[in-house]
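Student: Fold the following, please.
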Amino acid sequence: MSDKVTLIIPVRRGADKLERCLRAVLSGTVVPRIIVMDCTADPAKLEKARDKFPDVLFFDLGMNPGRAHAVNTGFHITQTPYVMTLSPGLLVGKHCVERLCAVLDGDRNLLSAQAKILSAEEPPRISGAGWLLDLAAEPVIRGAGRSAASCSRKAGITAAQMDAAIYRMEYLEVTGILDERFYTRLEDLDLGYRGLIAGFKNVCEPSARCREMEKAQTSSFYEQLETGNMEYFRYKYGLKGLRLPEGRAKKEDPQRAAALERGRMLCFQAEIEQMEREELGMSVTNLTLPEEFYMEIQEDGPKGVFPLYVGSKAEGSPLQIPNLLRARAGMLAGAAERAGDLFRRRS
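Tutor: The predicted structure follows:
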């Protein structure tokens with residue numbers, strides 16, 4: 001196994017796909033060290049996989065603490081220069097890990113690189129090739145729905161999608177890790193954007209490929225999470241002023257209203273905790289707790305989870321102004337992606 005990269009696979013509902021996922025990784029040209037973060041709350045669900053893959057480390061969290069917390073725990077365990085994150089519902093190509101490592105080897109300015117994710121359709125289309133933001137500060141998945149042949153060149157992105165991404169551990173010590181206020185959606189977009197402000201870059205490497213095992217399902221639940229999380233995202237980076245006016249239908253949607261209220265609560269919590277940090281002189285980047293404190297344990301098992309990392313409003317120093325301007329300029333690419341997507345839908 002490689003001494004250069006560790007692979008983290010958080011598993012909650014993808015237990016039935018995990019064995020296929022692991023076989024694909026283990027047949028690659030570069031085999032990483034592998035940590036499976038077990039969020040199933042039922043060790044029996046992964047018992048077969050544990051027996052079949054003795055070289056894989058299975059870390060039982062005993063509950064589902066959320067994807068960000070599971071991956072952050074993996075970051076703490078990792079001792080290699082690079083760390084890759086992967087969804088258990090994906091099959092990596094033979095050269096995927098090798099090529100992602102090579103991208104980071106070739107450019108010291110990179111925080112992260114992402115593989116091109118192909119859909120389970122025949123012929124396959126692109127499911128994702130990185131996060132972008134449009135001019136309204138709305139998230140856009142680059143390449144989504146386009147043919148597999150498109151997005152054929154390495155390109156800069158706002159952030160790597162954590163479903164198939166590699167990160168440089170050294171730079172995570174500068175940016176901080178995943179902000180656990182983002183539950184299940186957009187924590188990877190937040191990390192990548194934080195990297196841009198710190199002066200790093202994120203890219204999609206299209207020669208590194210992986211493929212979904214089955215067609216991805218859209219869910220109104222995840223859409224609501226994304227809506228609320230984006231309120232918090234905009235608060236953190238001062239992007240609220242870029243938003244476009246909402247139509248009447250959106251304003252009257254009760255589910256959207258609930259999602260926005262959740263987002264506003266996240267902002268309020270962040271504001272209060274920021275004041276407390278300033279009073280105590282605590283650094284946000286170093287706000288990580290010792291691992292023995294990240295769960296509250298009772299006799300019958302875990303009761304609650306304490307975050308390993310939570311972010312705050314990005315104030316931005318004068319030295320970071322050029323980085324902020326470059327990050328905002330990247331929204332032009334997101335706007336072009338959004339316009340192209342609308343055109344394809346209408347034609």
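
Student: and the one helix or strand Gln255 maps to, what does it pack onto?
Tutor: Assignment of secondary structure by DSSP states H and E places Gln255 within helix 254-280. Packed against helix 254-280 by the contact rule (3 or more C-beta pairs under 8 Å, 6 or more residues apart in numbering; DSSP states H and E) you find helix 220-237. (C-beta placed from N, C-alpha, C; glycine too.)

Student: How much space separates Ala148 from Glu122?
Tutor: The gap separating Ala148 from Glu122 is 11 Å, by C-beta to C-beta, to the nearest Å.

Student: How about Glu337?
Tutor: 25 Å.

Student: And the two? Which one has more around it.
Tutor: Glu337 (21 against 6; other C-beta atoms under 10 Å).

Student: helix, strand or coil for the residue nearest in space to the middle of the chain?
Tutor: In the chain, the residue lying closest to the centroid (C-alpha atoms, centre = their mean) is Asp188, at 2.6 Å. Assigned with DSSP: H, G, I helix; E, B strand; the rest coil, Asp188 falls in the helix class.

Student: And the strands in the stretch 101-250 of the chain, which stretches?
Tutor: 110-118, 126-128, 131-133, 139-141, 155-156, 164-168, 201-212 (DSSP state E, counting those that start in this stretch).

Student: closest one to Thr184 among those strands?
Tutor: strand 139-141 (13.8 Å; C-beta to C-beta).

Student: For the closest one, what is the distance to the chain centroid?
Tutor: 13 Å (C-alpha atoms, centre = their mean, to the nearest Å).

Student: for stretch 108-117, same thing?
Tutor: The answer for stretch 108-117 is 12 Å, by C-alpha atoms, centre = their mean.

Student: same deal with stretch 211-226?
Tutor: So, by C-alpha atoms, centre = their mean, the centroid of stretch 211-226 is 14 Å from its chain's centroid.

Student: What are the contacting residues of that stretch?
Tutor: With C-beta atoms under 8 Å, 6 or more residues apart in numbering as the test, stretch 211-226 has contacts from 17, 20-21, 89-91, 93, 117-121, 124, 127, 139, 183-186, 255-256, 258-259, 262.

Student: CA atoms only for it - export them in CSV, please.
Tutor: Coordinates of each C-alpha in stretch 211-226 appear next as CSV, following Å, rounded to 0.1, in the frame of the first residue of the first chain:
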residue,chain,number,x,y,z
ARG,A,211,-18.3,6.0,-12.1
GLU,A,212,-21.5,5.7,-10.2
MET,A,213,-22.8,2.2,-9.5
GLU,A,214,-26.4,3.3,-10.0
LYS,A,215,-28.3,6.3,-11.1
ALA,A,216,-28.1,9.1,-8.6
GLN,A,217,-31.5,10.0,-7.0
THR,A,218,-32.5,13.6,-6.4
SER,A,219,-34.1,14.3,-3.0
SER,A,220,-36.1,17.3,-1.8
PHE,A,221,-34.5,16.6,1.6
TYR,A,222,-31.0,17.3,0.3
GLU,A,223,-32.2,20.3,-1.7
GLN,A,224,-33.5,21.8,1.6
LEU,A,225,-30.2,21.1,3.3
GLU,A,226,-28.4,22.8,0.4
